[in-house]
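J.: What follows is a predicted protein model with its sequence.
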Amino acid sequence: MTDKPAPHRPRFVEQSPDRISRFWKEAVVGPHADGGWAVLLDGRTPKTPDKAALVLPTQAAAQLVADEWAAQGKYLDPSTMPATRLASTAIDRIGQAREPVADEIAAYAGSDVVCYLAEHPTPLVERQVREWGPWRDWAAREMGVVLEPVAGIVHRPQSPDAIARVKAHALSLDDFRLTGLATAVPLLGSAVLALAVEQGVLDGGAAFDLSRIDELFQEEQWGVDAEAAERTDARRAEAQLLDQWFRALD
């Protein structure tokens, strides 16, 4: 398969080498004076890396972030706070880079994993047709994004109209949803599957499994080692968190 565009991984907060001790007892949410919902640590709103208040557009999204803070132990562990990282990225970064982020999302539609069918073996091809075809059809019917499948790894350019429609949809989203979509697309290797999750018609975990049909087929034939399984589980958890993120923003 042709090389995919370089993934846009939103710039998340990197963990400091110095551990931060937990300095709060209670993590809750409350309405913010300027609109939205703030995360409150003992009544005070924590800051993003760029020193902005951690305020989200919906109560549910703020609660998703607050729950991560509430679940921390003696020391703050940023690796266990994906919703907080998404929120910080949306607040600090995405607003200044909406156009290039949308371009990178749209570029994935040009080499979407659900458009590249294997030439053999037949059982894998049949599975790809059966499980990917309905989502290409959904994208065409509901999003106006018409993508053509191809057999083999040779790149086939997609319609400029389809690419433009994906970009237009991305730009129509607020910074928080755009951050989620920009994270989901490279994780899944698919604009179609990421859009389906964002739109709430496909579960994040199911989307992740669809994105790796080739890998699943190989694992069924040859098995999987524990280290690979651990990496897969972590990526599936990320996909499921993104599903929660979008639903919390609804």
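T.: Sure thing, it's come through. Owing to the predicted nature of the structure, the values given are computational and were not obtained by experimental measurement. Numbers count the residues shown, from 1 in each chain.
J.: Need the pLDDT of Val13.
T.: Val13 is assigned 37 on the pLDDT scale.
J.: can you pull the contacts of the most centrally placed residue in the chain?
T.: Relative to the mean C-alpha position of the chain, the nearest C-alpha, by C-alpha atoms, centre = their mean, is the one of Ala184, at 2.2 Å. Neighbouring residues of Ala184 by C-beta atoms under 8 Å, 6 or more residues apart in numbering: 193-194, 197-198, 204, 207, 239, 242. Quick note: C-beta positions are derived from backbone N, CA and C, even for glycine.
J.: farthest-separated two in these?
T.: Among these, the pair separated by the greatest distance (C-beta to C-beta) is Glu198 and Ala239, at 11.9 Å.
J.: In this protein, what residue spans correspond to strands?
T.: Remark: strands assigned in the chain by DSSP state E are 27-31, 37-41, 55-56, 116-117, 150-151.
J.: just checking, what packs against the helix or strand of the chain with the lowest mean pLDDT?
T.: Using mean pLDDT, DSSP states H and E, helix 213-222 stands out as the lowest-scoring helix or strand of the chain, at a mean of 90. If contacts are counted by 3 or more C-beta pairs under 8 Å, 6 or more residues apart in numbering; DSSP states H and E, helix 213-222 sits against helix 122-143.
J.: and the helix it packs on, how far from the chain's centre?
T.: Centroid separation for helix 122-143 versus its chain: 20 Å, with C-alpha atoms, centre = their mean, to the nearest Å.
J.: counting contacts, what elements does that helix pack onto?
T.: Against helix 122-143 (3+ C-beta pairs under 8 Å, 6+ apart) you get strand 116-117, helix 160-172, helix 191-198, helix 204-211, helix 213-222.
J.: Just put those in a markdown table and tack on mean neighbour count and distance to Lys47.
T.: Below are those laid out as a markdown table (neighbours: other C-beta atoms under 10 Å; distance: least, C-beta to C-beta, whole Å):
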| stretch | mean neighbour count | distance to Lys47 |
| --- | --- | --- |
| strand 116-117 | 19 | 43 |
| helix 160-172 | 18 | 27 |
| helix 191-198 | 28 | 28 |
| helix 204-211 | 21 | 29 |
| helix 213-222 | 13 | 40 |
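J.: Trp69: which of those is closest?
T.: helix 204-211 (22.1 Å).
J.: How far off centre is that closest one?
T.: On C-alpha atoms, centre = their mean, the centre of helix 204-211 falls 11 Å from the chain's centre.
J.: and if you look at stretch 56-63?
T.: Worked out by C-alpha atoms, centre = their mean, stretch 56-63 lies 17 Å from the chain centre.
J.: likewise stretch 60-68?
T.: So, by C-alpha atoms, centre = their mean, the centroid of stretch 60-68 is 17 Å from its chain's centroid.
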